[in-house]
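Novice: Below: sequence and its predicted model.
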Amino acid sequence: MVAGFGDLTILHDVSLDVAVGKVTVLLGANGAGKTTLFRAITGLLPPRAGRIALFGEPIAGRAPHLIARAGIGHVPSGRELFPRMPVGVHLDLGARLCPPELRATLRERVLGLFPEIAERLNQYAGTLSGGEQQMVAIARALMTNPRVLLLDEPSAGLAPKVVLSVFQALAKLQDQGMSVLLAEQSMTFGLSVASRAYIIREGRIVLSGTPAELAAERSVVQAYLGA
Amino acid sequence: MNLDARQLGQWIERRLSAAPASAAVPGRRPVTVVILVALIACAGAVPLLTSAYVMQLATDILTFAALAYSWNIISGCAGYLSFGQVSFFGIGAYATSVLVLRSGLPWYLAAPIASAFSGVVAALLGTVMLRLRGIMFALGMLGLARILVVVASDWDYIGAAGGLTLPAQLTPVAVYVAMWVTVIAAFALNYFVLQSGWGLSVTGVRDDEVAASAIGVPTARIKTVAFIMSALAPAAVGGLVAWNRSFLDPPSAFDPTLDLQVIVFALFGGIGTLWGPALGTVILVLVGEQFWAYLPDLQLALYGVLVIAVVLAFPGGIVGIANRFGWLRRRPVLAPAAFPVVSRPPHPAPPGNEIIIEVRDLTVRFGGLVALNGVSLAVRRGEMVSIIGANGAGKTTLFNAITGFVKPSAGGVFYQGKSVSDIPSYERARQGIARTFQIPRLMDSITVWENTLLAARYGKRADAAVDQAAWALHTVKLDGLWLEPTTKLSPGQQRRLEMARALALDPTVILLDEVMAGMTRNEQDEIRAVLRHFREFGVAAVAGVEHVISAIADISDRMIVLDRGGKIAEGVPEAVLRDPLVIESYLGKVS
Amino acid sequence: MIVLQLVVNGVLLGGTYILLAQGLNLVFGVMGIVNLAHGAIITLAGLFTYWFATQTHQSPLLLIPAVFIAMLAIGAVLQRLLLEPLAKLGGKGELLNLMVTFGLSYVIVETALNFFGSQYVSLPDLQTTWPVGGLAFNEALVAAGAFGALISGCLHIWLHYTASGQALLATSQNPTGAVTCGIDVRRMRGIAFALGTALAATAGVLLILILPLSAPTADTLTILSFVIVALGGLGDYRGAVMAALLLGLVQSAVGYYLGGDVEVVVPYLLLITFMVVRPQGLGQATR
């Protein structure tokens, strides 16, 4: 998948690839352009120029719900759950995009990934803890049977212990061969699961490489902090 | 006149390009004003010389123009959409009638007294109703009119449901002249709201109430005054109409269709504009006069259609269309012919380095969430302090507590040694605590110049305010764009305009929330240049920064680090940035 | 006994009010706008029913399915033509939305005035009173209350237990979240307004059996519905049911003890009172 944008006010000529079956991480500070990029890919904020392709098929400019139907699963920042609807219904709503014959298996797999929410299927999403809400958001996106999963800062506002369990689930997802694009502020967490990382700053990709390459370089920290 | 479409297109393009890009309009020449007044005077004299029919038509136009202008103040200029201004019409009608019938006052005294009474009622109502926004206010006013119908129907003193019969006392000429006086008064109020320094506050309330109070606008008071202004003329009109009809009962006094007509006229002409209500009323009443003869019963339904059509097709009304051709533009308030020459600050920087802001053990809780936990800090005059911390660390909450937008759960904020706990945010701004917002909050319907002038106005004479605003804009290097609308500014320019607005308050300290967020390298440099100047003016800066730390570190005297609501480090930037606690807070444990 | 009778009347009246309010609530929930033409649609449907019943001497209840379906279509068209163009403005369009529906309400009311006149009318059908254990059950009130409960029940089941209903409810609770599930939010807005219009019209058909209606009652009904929706928490469907019952009880008590004049202003007084007590807004649910 190639995403290229030209002449956006917040993003400038951003290009990145997400490899099939791998976790690609997009590291950057608040305001660096991560969420804008995600909104561009998912059609919530159509890019002014450039190309976004999903397995070679151009999707830029389509309505956001059609992009979701094309196979981009989106876990938005802020989770965007339905506060007064039960967790189980969140999964059902996601499953609208999944072929009926796959739904049961998929549901089983998703609940296996997040045993915490399996016990809370009848509870309103608004009454869950932050970590559980994040898991519901991911589970809802997974239930759409996506070809690629976009995760926007799943660690935001969570205690480190909770973040850890979310990232453990991510690692399992990677083992299952899911293609993931992850936006993250925390380098430690981000690099821990990724097979490739991009660092975005002021709407530009300033560095990219494997986690090992990036961790070895002091310039990464500087690029990240804006030095 | 046989222009083809292409020629017409070219003509329009020429008009558009001939119109100045900015709202820059030179002051109206006295000759134009004289001609305008003469024209209106002639038009006003015509009905006196012709038939009774023309007189009645002219009186109708004036009646609706007065009502439309009044509605325009609260709903157009202040942004509080009212569907119940007829309440004031009815109150005025009853007050006038009672004064004449029971107290024997002559009508020319009764009408102004009723008008003043209506203003008092508006002042009382305003304290409750204006706390509501949008739909709540709109429906609250609609409901008010309905309650008044019921009250009037049950109140024997004012004739109850049977109504009052009023002796025919007024000649058509007297009504006509009195209506002229009312319209001119209502127009004058509109002119004052749209073209005076004080009126900028009303626009500020409409565009962004939070930002307005952050630059010293007492929003509650401004709204109430606008509400009172919009209640005066309808009451006088109500009194005159009642006498003209010689009869008054609750349904005719509080007729809700009156509001529909008034809204149609104002909307058609252009809401919130000086000439819109007059143009809309004159055109629609005259056109309607020809039209309704054929469709006598569908008048109000067609007005309904017209409201929908105008909102969907040209929400700016006639004036909005005219503006695109450079006509009928609003003149920027108190704008000199050219940008004033600025050589030095309006006053020398006060000496000394005493503590100006002190925060003691400040704790802010939202429900169960602790946003700030026992934070203490002090800022001295002319100091540059940066407060760094990740998203959610409590920076914005700290700024909100200092400026009075959030109430602390414990602890206090002291400004120049005195607690400011009981002082509302606009007053803190006036005393010298200025701020900017994470996402710039500008008044989008007025120019760069007026945004700045609005902040500079408090406690100064007009010429001093102009000097202060000019200096502030010059300092942030926006003098070249002073007459542009704020919507034409780039993100960096918008941020600098917010800084100019803060400087225009003549502050001792400016709190800058996420001052570098989303800025390009060039924009960061421009902001740094402005921040460097603050010390010369004796202005302390407290800059909240999340990530772009290097852009702020070398110009900061001191750095404070917040993490999850608590202060974890404080000191000179070099030391703070090496602190392991700080590094861990930012990057997680580096293994 | 009289207290019990008032409670019965109040609950039955409340059942009707649920019907009045749910349409407005649905539109507000999904589109974030208050439809000021709501009362006008109710009134128009009521007057049409009166005309139909007096012309054909058929039971007005027969009209319900036809009115419901016709108004679904009309609602969908109105939404597409008048409101969808403003949807892209988001919060900035609030005042424009209000003005458009305000204009629409006048178009409907004035048209109704021309066709049906301005006199108050009500249908003499279903005026029997059933005595049950010393209490009187007015047939019309029971019918309206029962229909109110039935339609609310259907709505509840649809919203919570069917795929299409869940999609609508999801959109009203979080449009962005709905998009990530591939839900076409634009289509949901159309459905919400169509359904809101159809529910309002159905309420009108039933209301003419209980209350005398005339074109000018439109605003009163809009405000009444809005008060219920606001008391229940804007966009909260269960809250609205509680609020409708509460209002029914209060009005039935006030009507008995203080007289019809005061009964009429109860909604306005509640509106203004709650504004004073909770100036930040009436409901708990915020959007």
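Specialist: Received the coordinates, thanks.

Novice: Now stretch A:151-160 - C-alpha only, PDB.
Specialist: Extracted C-alpha coordinates of stretch A:151-160, given in PDB (Å, rounded to 0.1, in the frame of the first residue of the first chain):
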ATOM      1  CA  LEU A 151      -4.500   1.900  14.900                       C
ATOM      2  CA  ASP A 152      -4.400   5.500  16.100                       C
ATOM      3  CA  GLU A 153      -2.600   5.800  19.400                       C
ATOM      4  CA  PRO A 154      -4.000   2.900  21.200                       C
ATOM      5  CA  SER A 155      -1.900   3.800  24.300                       C
ATOM      6  CA  ALA A 156      -3.200   7.300  24.700                       C
ATOM      7  CA  GLY A 157      -4.500   8.000  28.200                       C
ATOM      8  CA  LEU A 158      -3.900   4.400  29.500                       C
ATOM      9  CA  ALA A 159      -1.800   3.300  32.400                       C
ATOM     10  CA  PRO A 160       1.500   1.600  31.400                       C
END
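
Novice: Residue 49: neighbouring residues, count only.
Specialist: Unless you meant another one, I'm taking chain A. 11 (other CB atoms under 10 Å in any protein chain shown). Yep, even glycine has a C-beta here, placed from its N, CA and C like the rest.

Novice: wrong chain, I was asking about chain B
Specialist: Residues near residue B:49, counting by other CB under 10 Å, number 8.

Novice: which residues in the stretch 451-591 of chain B form strands?
Specialist: For the stretch 451-591 of chain B, the strands defined by DSSP state E, counting those that start in this stretch occupy B:509-512, B:540-545, B:558-563, B:566-571.

Novice: swap that for chain A, please
Specialist: For chain A, strands defined by DSSP state E occupy the ranges A:2-4, A:15-17, A:23-27, A:51-54, A:57-58, A:72-75, A:148-152, A:180-184, A:196-201, A:204-209.

Novice: average pLDDT across the first one?
Specialist: For strand A:2-4, the mean pLDDT works out to 48.

Novice: on that earlier part again, distance to residue B:526, mean pLDDT and mean neighbour count for the strands of the stretch 451-591 of chain B - can I get that in JSON lines?
Specialist: JSON lines is the format used below for those (distance: least, CB to CB, whole Å; pLDDT from 0 to 100; neighbours: other CB atoms under 10 Å in any protein chain shown):
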{"stretch": "strand B:509-512", "distance to residue B:526": "14", "mean pLDDT": "96", "mean neighbour count": "27"}
{"stretch": "strand B:540-545", "distance to residue B:526": "14", "mean pLDDT": "91", "mean neighbour count": "26"}
{"stretch": "strand B:558-563", "distance to residue B:526": "22", "mean pLDDT": "92", "mean neighbour count": "23"}
{"stretch": "strand B:566-571", "distance to residue B:526": "28", "mean pLDDT": "93", "mean neighbour count": "17"}
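
Novice: So which of those strands is nearest residue A:109?
Specialist: Among those, the nearest to residue A:109 by CB to CB is strand B:558-563 (37.7 Å).

Novice: Now do the closest one: which elements does it pack against?
Specialist: strand B:384-388, strand B:566-571, helix B:573-578, helix B:580-587 (3 or more CB pairs under 8 Å, 6 or more residues apart in numbering or on different chains; DSSP states H and E).

Novice: With the flanking residues excluded, which residue is spatially nearest to residue 194?
Specialist: Using chain A here. Using CB to CB, 6 or more residues apart in numbering or on different chains and skipping the chain neighbours, the partner closest in space to residue A:194 is residue A:25 (3.7 Å).

Novice: oops, chain B please
Specialist: Nearest non-adjacent residue to residue B:194 (CB to CB, 6+ apart): residue B:274, at 5.1 Å.

Novice: So what's the residue count around that neighbour?
Specialist: Neighbour count for residue B:274, taken as other CB under 10 Å: 21.

Novice: and it, that one's in a helix?
Specialist: No: under the criterion used here (DSSP: H, G, I helix; E, B strand; the rest coil), residue B:274 is coil, not part of a helix.

Novice: That one and residue B:190 touch, don't they?
Specialist: Yes: here residue B:274 reaches residue B:190: they are 5.9 Å apart, a contact under CB atoms under 8 Å.

Novice: quick one on the thing from earlier: how about the residue nearest to residue B:194, what does it touch?
Specialist: B:190-191, B:194-195, B:328, B:330 (CB atoms under 8 Å, 6 or more residues apart in numbering or on different chains).

Novice: With residue B:196 instead?
Specialist: residue B:333.

Novice: And the closest residue to residue A:172 other than its chain neighbours, how far from residue A:106?
Specialist: Distances taken as CB to CB, 6+ apart put residue A:113 closest to residue A:172, at 6.0 Å, once the chain neighbours are dropped. According to CB to CB, to the nearest Å, residue A:113 stands 11 Å off from residue A:106.

Novice: On the pLDDT front, check the residue nearest to residue A:172 for me.
Specialist: At residue A:113, pLDDT is 92.

Novice: returning to what we had before: who wins for neighbours among the contacts of residue B:274?
Specialist: The most neighbours of any of these, using other CB under 10 Å, belong to residue B:190, which has 27 neighbours.

Novice: what's the pLDDT at it?
Specialist: 97.

Novice: Tell me the helices and strands packed up against the helix or strand harbouring it.
Specialist: Per DSSP states H and E: residue B:190 is located in helix B:172-195. In terms of contacts (3+ CB pairs under 8 Å, 6+ apart), helix B:172-195 is packed against helix B:30-49, helix B:52-71, helix B:197-207, helix B:219-245.

Novice: Minimum distance to residue C:157: which of these has it?
Specialist: Comparing these by CB to CB, helix B:197-207 comes nearest, at 44.4 Å.

Novice: what's that closest one packed up against?
Specialist: So helix B:197-207, by 3+ CB pairs under 8 Å, 6+ apart, packs with helix B:172-195, helix B:209-214, helix B:219-245, helix B:448-456.

Novice: Now render those as JSON lines, adding distance to residue A:52.
Specialist: Shown next, in JSON lines, are the helices and strands packed on helix B:197-207 (distance: least, CB to CB, whole Å):
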{"stretch": "helix B:172-195", "distance to residue A:52": "46"}
{"stretch": "helix B:209-214", "distance to residue A:52": "36"}
{"stretch": "helix B:219-245", "distance to residue A:52": "44"}
{"stretch": "helix B:448-456", "distance to residue A:52": "37"}
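
Novice: Please identify the deepest-packed of the ones you listed.
Specialist: helix B:448-456 (a mean of 29; mean count of other CB atoms under 10 Å in any protein chain shown).

Novice: All set, thanks.
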